[in-house]
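**Student:** A structural model of the following input is requested.
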Amino acid sequence: MQRVFLYPLGMAALFGLAACVLPQGGAEPQTSGAADYAAFCAGCHGAGGVGDGEMAAGLAQKPADLTGLSARNGGLFPTTRVMAQIWGYTGGKEGDRVMPQFAALLDGALVPYDGGDGIETPTPVRLVELAEYLKVLQK
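**Tutor:** Got it, this is the predicted structure:
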């Protein structure tokens, strides 16, 4: 009789422990613009954004100096153009794209974001975070 009673208790304890270890479905990982920059951009553009990353020497085209984006745009950060470049909507010919595509930055939650044109557009939150981080790198 005790065996019949202990079996359900043991199973309940086992499932309780498994719930502590198993990943939670639907939970999005914590990200930041700085972390995504380090993971996706710094290899080519460098930690400081000047285009001197570890992979830069092996590229046919030198990575852009991201610290001067505002200076080259009359003092205003060109958010919409930067996002279009990262997102892959640059209007170039097929095969002209130097930067890889970063699908991970485009997945997940969308947030309304004004890229500087006065229009709030649903934008992937990680792309917004990355653009906001790039603003910090400006000289």
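
**Student:** for stretch 70-77, the distance to its chain's centre please.
**Tutor:** Per C-alpha atoms, centre = their mean, to the nearest Å, the displacement of stretch 70-77 from the mean C-alpha position of its chain is 23 Å.

**Student:** Report the mean confidence score over that stretch.
**Tutor:** Mean pLDDT, stretch 70-77: 96.

**Student:** List the buried residues for that stretch?
**Tutor:** Using 16 or more other C-beta atoms under 10 Å as the test for burial, stretch 70-77 gives 70, 77. The way it works is simple: take the backbone N, C-alpha and C, and place the C-beta from them, glycine included.

**Student:** I'd like the distance between T31 and L110.
**Tutor:** Taking C-beta to C-beta, to the nearest Å as the measure, T31 and L110 are separated by 14 Å.

**Student:** Comparing the two, which shows the higher neighbour count?
**Tutor:** T31 (16 against 13; other C-beta atoms under 10 Å).
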